[in-house]
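take a look and give me a structure for this.
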Amino acid sequence: MTQNDWPKDGLETLGCCPVCGETSRDLLYDNLTDRLFGAPGRWTMYRCRGCQSGYLDPRPNEKTISLAYENYITHEPEKLTNINNANMIKRIRVIMRNSYLNHKYGYRFEPSAFWGNIAMYMLPPPLRYEWDHYARHLPAPLADRNKLLDVGCGNGSFLIRARQLGWQAQGLEFDMQAASLASSQGIDVWVGDYRNDPFGKNSFDVITCHQVIEHVHDVHAFIAQLASWLKPDGRLWLGTPNINSMSRKFFGIHWIGLHPPQHLTILSPKALLRLMSDYGLTGSLLSRGYYETHIVSESDTLRHGYVGQKNIAIHKNLMRHPLRNFLFELWSWMYPRQSSDLVVIANKTK
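Numbering: from 1, shown residues only. Purely as a prediction, here's the structure:
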């Protein structure tokens with residue numbers, strides 16, 4: 001994996017925060033490289049003194065950003081434990097998961113059992129919240145409020161589940177290969193730049209957007225566009241990495257969420273909620289659920305010198321320290337503003 005220079009004419013210099021416009025800032029990390037996918041370049045990240053967001057400066061411009069994705073694995077197939085050939089413990093986990101999702105959100109997953117949902121509530125809350133996140137906190141729709149858009153839909157796995165619940169589900173995807181996977185399963189996917197406004201105003205009752213906003217050049221234009229597509233009283237569900245996370249503070253330059261140069265801007269909770277408010281969305285933060293273990297283990301793998309996404313996936317299980325992981329999970333549950341991922345649900349109020 002080599003780190004060649006980024007084309008000099010392919011960079012843009014900001015000089016201020018792309019979220020709030022503040023020029024006062026602190027150097028956060030220097031000489032960052034892409035240790036996941038081997039994209040060229042060395043990068044500097046600053047921390048805004050105003051909204052506390054992190055951002056690359058200089059950063060790839062829109063003409064050359066595709067270089068960052070030449071070896072990028074955008075979307076992997078959904079990985080859920082299969083009941084076939086599973087041991088007893090895994091079978092019980094699957095039954096509990098299915099029963100909880102069926103009861104709370106209206107899915108019809110099998111196998112399930114009446115005791116599964118009850119048993120889930122006997123476990124620590126983050127284990128339930130993990131599956132709330134999986135469902136994107138979205139129950140079956142009302143008959144006249146059933147239009148759903150997933151921005152950055154990837155292979156369409158979430159939209160397939162949503163369609164089973166009764167949602168009239170559509171996707172928007174920037175990656176042609178990922179979009180073709182979704183389309184092959186009967187999902188209606190529009191491929192291209194969101195700024196081309198393919199849907200028009202007041203088109204959707206719900207919009208979901210998972211791990212996308214950190215990749216876009218103009219976070220204001222992005223949120224403004226999503227807000228315009230929402231109907232009055234519509235809902236936006238959004239997930240993104242958190243620059244204020246305890247895991248980022250602990251692992252520093254090795255934090256897996258830095259992800260340069262694909263991640264251009266990493267928002268703080270304050271910045272994300274303010275951004276929503278600026279475009280008529282009233283939002284609240286939710287707990288991400290059981291997740292810190294994955295982030296901590298992957299960050300520790302980077303710290304130990306492993307590079308490449310596949311290599312990290314193979315070795316991260318060696319970095320699972322139960323007590324440390326438990327403490328990170330506990331902290332994230334108690335203080336969602338310091339979890340590795342931010343999850344916001346916002347309603348369109350104007």
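
going by C-alpha atoms from here, please, whenever you check contacts or count neighbours.
Fine.

who touches the strand or helix carrying residue 55?
Secondary structure assignment for residue 55, by DSSP states H and E: strand 54-56. Residues outside strand 54-56 that contact it (Cα atoms under 8 Å, 6 or more residues apart in numbering): 17-18, 28, 43-48, 243, 261, 264-268.

quick check: closest non-adjacent residue to residue 269.
residue 337 (6.2 Å; Cα to Cα, 6 or more residues apart in numbering).

oh, I was asking about residue 45
That would be residue 56: by Cα to Cα, 6+ apart, it lies 4.4 Å from residue 45.

quick check: that neighbour vs residue 304, distance?
To residue 304, residue 56 is 24 Å away according to Cα to Cα, to the nearest Å.

go on, residue 68?
Residue 68 is 24 Å from residue 304, by Cα to Cα.

close enough to count as contact, residue 346 and residue 235?
Yes. Using Cα atoms under 8 Å, residue 346 is in contact with residue 235, at 5.7 Å.

helix, strand or coil for residue 47?
Three-state call for residue 47 (DSSP: H, G, I helix; E, B strand; the rest coil): strand.

ok, it - contacts?
By Cα under 8 Å, 6+ apart, the contact set of residue 47 is 25-28, 53-55.

contacting residues around residue 70?
Residue 70 makes contact with residue 39, according to Cα under 8 Å, 6+ apart.

and for residue 132?
Neighbours of residue 132 in contact, by Cα under 8 Å, 6+ apart: 101, 289.

that one: which element?
Using DSSP H and E, residue 132 falls in helix 125-134.

adjacent strands (with direction) for the helix or strand just after that helix?
Counting by DSSP H and E, the next helix or strand C-terminal to helix 125-134 is strand 147-151. Strand 147-151 has the following strand partners under DSSP bridges: strand 168-173 (parallel), strand 204-210 (parallel).

how distant is the helix holding residue 132 from the center of its chain?
The chain centroid and the centroid of helix 125-134 are separated by 15 Å, computed with Cα atoms, centre = their mean, to the nearest Å.

and for the spatially most central residue of the chain, nearest residue in space, chain neighbours not counted?
Centrality entry for the chain: nearest residue to the mean C-alpha point is residue 211, 2.7 Å, by Cα atoms, centre = their mean. Spatial nearest neighbour of residue 211, chain neighbours left out: residue 240 (4.9 Å); criterion: Cα to Cα, 6+ apart.

list the buried residues for the strand or helix carrying the one you found?
Assessed by DSSP H and E, residue 240 sits inside strand 230-241. Within strand 230-241, the residues scored as buried using 16 or more other Cα atoms under 10 Å are 230-232, 234-241.

pLDDT weak spots in this protein?
Applying pLDDT under 70 to the chain flags residues 1-4, 74-85.

redo that, cut-off 80
1-4, 73-86, 350 (pLDDT under 80).

still on that earlier bit, give me the angle between the helix holding residue 132 and strand 230-241.
130 degrees (axes from the mean of the first three to the mean of the last three Cα atoms, to 10 degrees).

okay, residue 68 and residue 304: which has more neighbours?
Taking other Cα atoms under 10 Å, residue 68 and residue 304 do not tie; residue 68 has more neighbours (20 against 11).

re the thing from before, gap between the residue nearest to residue 45 and residue 62?
Taken as Cα to Cα, the span from residue 56 to residue 62 is 14 Å.

higher neighbour count, these two?
Taking neighbours as other Cα under 10 Å, residue 56 and residue 62 compare with residue 56 leading, 28 against 12.
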